[in-house]
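Asks: sharing a sequence plus its predicted fold:
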Amino acid sequence: MTQKIHRILIDRITAWWHIRSNTFRSLVIATVILVGGLITVNIAFFAGSFFPRSCNICHIMKPYYENWKTSSHQDTTCIKCHPYRFGFISTAILKYFTGTYNPKPHAIVNDNSCMKQGCHSGYLDNGKVAFKGSISFDHKSHIEKTKRGEQLRCASCHSQIVQGNHLSVTEKVCFLCHFKGAEKGQSVTGCPSCHGTPTKIVEHEGFSFSHESYLRIGVPCNQCHTEVASGNGSVPKEKCHSCHVEKDKNSLTFQELHKVHVTKREIYCFDCHTEINHGSIRLTQPFEVQCKSCHELKHSPQKELYMGVSGKGVADTPSRMFAAQVSCDGCHTHSATKKTTEQSRLTGVRKTCVNCHGKGYDLMLDDWVREINSSLNFVYPYIKEAELLKGRINLKNKKHEGTKGLFEDAIFNYNLVKNGKGVHNVEYSVKLLSSALDQVEIAKKALKQSTAHISRPEILRGQDSYCSRLCHTRIGLPEKKVFEDMHIEFPHKLHAEDMGLGCATCHSPEKHKMRIITKEGCMNCHHSGKNLNCAQCHPFQVSLYRGNLAHKKIKPDPMFSGGVYCDGCHNLQEKTHTAETIKGKCTECHDKNYEKILIQWEKELLNAETMLILNISKLNELIDRKKLLGQDLPDKIIQLLKNANLILKATGEGKGIHNYNESLRLLKETNEEIEKHFKIPG
């Protein structure tokens, strides 16, 4: 009986196994056929992708294909720019049969595809290229650096289909980045970043002028070019819904949005943004109130002088008032009649000076009138002499060629100041009168009438001779000016008044307030001679070195106690003074290990300073929280924060290396005190 049961079980198991094995065999065969089929299809499509026409079989992309055929990439197959993984077709087939396949093409072109060998490799290192004729474009700065917080890709500018050309660049993409969010009449990066400084003489409203002269005195582009772009590049909400069924409720910053859409997905800018147009420029009128509306053709010299144009042999120098677009009635606020005297007219203008600029500026106007009249009177005899000599010139004598023109230019410049009323542009007037004297002097030498140099009044002697007499005598100079790049406070009075240095020694004679003196230029004076006073320019370093901190008692550096002064370590002829440049001095007195010690000291101080900066930041956060909660701030907290900032300034601006032991002690003690009393982690 038992054997019979075993036999039945064995027979049933055997039958079940035969059935299962046949089914399993069928599944294996089906799987092999399916996988083999998918592999075959992938191979077929992969091979077909080398023939661009085949892309049209599945994708609705005829316009893209037609533009590719006529583009510079017509010999480049699709797969070289749009590579895909081998199994991509299998996924696409699955999407197709499940109804989730989107026939609208969106092909991503990775930067690696563009930069690979044989295509555009090394293109970033080729320097700037010309775009649209005159615009200089640098690929490297746009790809390797973030722009406005965004990481651009090749396809950010070289879009897939633009203006009928495959992978071409539309300038409207440039406009979107450069003008979105910019103030009216400006671009985000500034006009010269693309256009450079215009060098051509331009005509506007009947006057010729040079852009260079305006930029030289710091006139912003939008002072004259009031509108340079139209459109705002906004993103309408409905644009989001063209791709997203429902907008994500979690708001993203624009950097995060661009990282997803531009950097990763290469979404074309105008799929989201509206356009910004640039090229139709609106210029301001030279004067909002036209002089000729009241005085037909009577004020041309005044207008030319005010605009700083027409002078002979003198660069255009627009009045700073004109550069600020102050019109005639900005100063001439009272109506004039035939009975109005020059003095009463001047009285009205003097009041306007005070109304706009403040007390004392009316006296400055008086100075201008006096100095210009005095200069005209000085130049007048030389102009009369020029008129006399001009009539005697023998034009047949080749040696006299150009001499007549010099006399005529001198006469013209003098009359422009006289008839244009020099106060309309005192800076230009001084230059014109000084140039007139130069022209007369050169012409007389050519005629052998005189070889003597004309002895001139102070105001006509040099490029900066008028700065003090015409302006700063009244408004004064800032007593101290901080030079951030040199970490020093510059005493104006000491240099300009006590030492008598001319303004142009440190400032540009052309661009107002612009400092042209460099650190090396300062050192040429300060690092020469025997009686050096280092504390005058480097007070923090000297105080730290000598142990003379105003807020903290410290020991002087051992080097100072040993009689070593600044020039004991610093070679005053060197341009830069860092631990790296002066470490060689250490070995003149100590062994070679001191070079490494100096560098190690600097690293330790830097770490301690960095820790203090972090602790100060955390301490500020603690104080802000207490204020927000309405809690009282103990005086100890306020005092600790004040002390920490003073220590950081003393060791930072004083360069802690000048007193290593005390600087490191102060930094460590301050860090420990903050962490101990307020439980701020280190």
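Replies: Yes, it's here.
Asks: which residues in the stretch 1-150 of the chain form strands?
Replies: Per DSSP state E, counting those that start in this stretch, the stretch 1-150 of the chain carries strands over the ranges 128-131, 135-138.
Asks: let me know which of the ones you listed is tucked in deepest.
Replies: strand 135-138 (a mean of 14; mean count of other Cβ atoms under 10 Å). To be clear about C-beta, it is placed using only N, CA and C from the backbone, and glycine gets the same treatment.
Asks: what's that one in contact with?
Replies: Under the contact criterion Cβ atoms under 8 Å, 6 or more residues apart in numbering, strand 135-138 has outside partners 127-131, 194-196.
Asks: pull the most distant pair out of the residues you listed.
Replies: Using Cβ to Cβ, the two most remote members of those are 127 and 195, lying 18.4 Å apart.
Asks: which one of these two has more residues nearby?
Replies: Neighbour count, other Cβ atoms under 10 Å: between residue 127 and residue 195, residue 195 has more, with 14 against 9.
Asks: lowest average confidence across helices and strands of the chain, where is it?
Replies: Every helix and strand in the chain was compared by mean pLDDT, DSSP states H and E; the lowest is strand 161-162, with a mean of 48.
Asks: how about the strands of the stretch 1-150 of the chain, which one is nearest residue 425?
Replies: strand 135-138 (34.0 Å).
Asks: neighbouring strands for the closest one, and are they parallel or not?
Replies: strand 128-131 (antiparallel) (DSSP bridges).
Asks: touching the strand it pairs with from outside, list them.
Replies: 136-139, 169, 171.
Asks: next up, the contacts around the residue nearest to the spatial centre of the chain.
Replies: Centroid check for the chain by Cα atoms, centre = their mean gives residue 189 as the closest residue, at 6.6 Å. By Cβ under 8 Å, 6+ apart, the contact list for residue 189 reads residue 178.
Asks: what about it, which SS state?
Replies: Three-state call for residue 189 (DSSP: H, G, I helix; E, B strand; the rest coil): coil.
Asks: below-threshold pLDDT in the stretch 151-300 of the chain: ranges please.
Replies: Where the stretch 151-300 of the chain drops to pLDDT under 70, the residues are 159-168, 204-209, 213-214, 216-218, 245-253, 256, 284-299.
Asks: next one: phi and psi at the residue nearest to the centre of the chain?
Replies: Residue 189 has phi and psi values of phi -90, psi 0 when expressed as degrees, to the nearest 10.
Asks: quick one: buried residues of stretch 602-610?
Replies: Within stretch 602-610, the residues that qualify as buried are 602, 604-605, 608-609, counting by 16 or more other Cβ atoms under 10 Å.
Asks: re the thing from before, and the contacts of strand 128-131, which is closest to residue 118?
Replies: residue 139 (17.9 Å).
Asks: return the distance of that closest one relative to residue 127.
Replies: Applying Cβ to Cβ, to the nearest Å, the value for residue 139 to residue 127 is 9 Å.
Asks: with residue 116 instead?
Replies: Remark: distance between residue 116 and residue 127 (Cβ to Cβ) = 21 Å.
Asks: do the same with residue 484
Replies: Residue 484 sits 32 Å away from residue 127, going by Cβ to Cβ.
Asks: same deal with residue 456?
Replies: Separation of residue 456 from residue 127 (Cβ to Cβ) stands at 48 Å.
Asks: now swap in residue 650 and tell me
Replies: According to Cβ to Cβ, residue 650 stands 46 Å off from residue 127.
Asks: try residue 677
Replies: Using Cβ to Cβ, residue 677 is found at 57 Å from residue 127.
Asks: residue 98 now?
Replies: As for residue 98, its distance to residue 127 is 51 Å (criterion: Cβ to Cβ).
Asks: correct me, but residue 541 touches residue 654?
Replies: Yes: using Cβ atoms under 8 Å, residue 541 is in contact with residue 654, at 5.1 Å.
Asks: the domain parsing of this protein - what is it?
Replies: Annotated domains of the chain cover 2-107, 139-283, 294-470, 539-678 [automatic domain parsing].
Asks: most packed of the ones you listed?
Replies: Highest mean neighbour count of those: domain 294-470, a mean of 17 (counted as mean count of other Cβ under 10 Å).
Asks: name the secondary structure element that contains the closest residue to residue 220 other than its chain neighbours.
Replies: Leaving aside its sequence neighbours, residue 220 sits nearest to residue 186 (Cβ to Cβ, 6 or more residues apart in numbering; 7.3 Å). Using DSSP states H and E, residue 186 falls within no helix or strand.
Asks: surely residue 186 is in contact with residue 228?
Replies: Yes: Residue 186 is within contact range of residue 228, at 7.4 Å (criterion: Cβ under 8 Å).
Asks: quick check: closest non-adjacent residue to residue 282.
Replies: What sits nearest to residue 282 in space, not counting adjacent residues and going by Cβ to Cβ, 6+ apart, is residue 227, at 3.8 Å.
Asks: which of the three states applies to the one you found?
Replies: Applying three-state DSSP: residue 227 is strand.
Asks: measure it to residue 278 for me?
Replies: With distances taken as Cβ to Cβ, residue 227 is found 10 Å from residue 278.
Asks: and the end-to-end length of stretch 623-642?
Replies: 13 Å (Cα to Cα, to the nearest Å).
Asks: any idea of the mean pLDDT for that stretch?
Replies: Mean pLDDT, stretch 623-642: 81.
Asks: what do you get for stretch 479-494?
Replies: Stretch 479-494 comes out with an average pLDDT of 74.
Asks: that stretch: which residues count as buried?
Replies: Neighbour-count burial for stretch 479-494 flags 488, 490-492 (criterion: 16+ other Cβ under 10 Å).
Asks: ok, residues contacting that stretch?
Replies: Under Cβ under 8 Å, 6+ apart, the answer for stretch 479-494 is 477-478, 515, 519, 522, 537-538, 540, 653.
Asks: next, the distance between the ends of it.
Replies: End-to-end distance of stretch 479-494 (Cα to Cα): 9 Å.
Asks: off-centre distance for that stretch?
Replies: From the chain centre to the centre of stretch 479-494 is a distance of 24 Å (Cα atoms, centre = their mean, to the nearest Å).
Asks: go on, stretch 504-521?
Replies: Distance of stretch 504-521 from the chain centroid (Cα atoms, centre = their mean) equals 20 Å.
Asks: re earlier: would you turn the strands of the stretch 1-150 of the chain into TSV with mean pLDDT?
Replies: Formatted as TSV, the strands of the stretch 1-150 of the chain follow (pLDDT from 0 to 100):
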stretch	mean pLDDT
strand 128-131	77
strand 135-138	79
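Asks: which residues touch residue 282?
Replies: 225-228.
Asks: ok but it is inside a helix, no?
Replies: No: for residue 282, which was evaluated using three-state DSSP, the result is strand, with no helix membership.
Asks: could you pull out the helices for the stretch 351-500 of the chain?
Replies: Here the stretch 351-500 of the chain has its helices, by DSSP state H, counting those that start in this stretch, at 361-390, 403-420, 426-446, 465-467, 473-475, 492-493.
Asks: where does the stretch 301-450 of the chain have low pLDDT?
Replies: By pLDDT under 70, the low-scoring segments of the stretch 301-450 of the chain are 334-345, 348, 395-396, 398-399.
Asks: for residue 202, helix, strand, or coil?
Replies: strand.
Asks: right, and it touches residue 224 too?
Replies: No: using Cβ under 8 Å, residue 202 makes no contact with residue 224, being 10.3 Å away.
Asks: hang on, the earlier thing: in JSON lines: the strands of the stretch 1-150 of the chain, plus distance to residue 66.
Replies: As requested, the strands of the stretch 1-150 of the chain are exported to JSON lines (distance: least, Cβ to Cβ, whole Å):
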{"stretch": "strand 128-131", "distance to residue 66": "26"}
{"stretch": "strand 135-138", "distance to residue 66": "28"}
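Asks: quick one: which of those strands is nearest residue 444?
Replies: Across those, residue 444 has its closest neighbour in strand 135-138 (46.8 Å, Cβ to Cβ).
Asks: distance between that closest one and the chain's centre?
Replies: Computed by Cα atoms, centre = their mean, the chain-centroid distance of strand 135-138 equals 16 Å.
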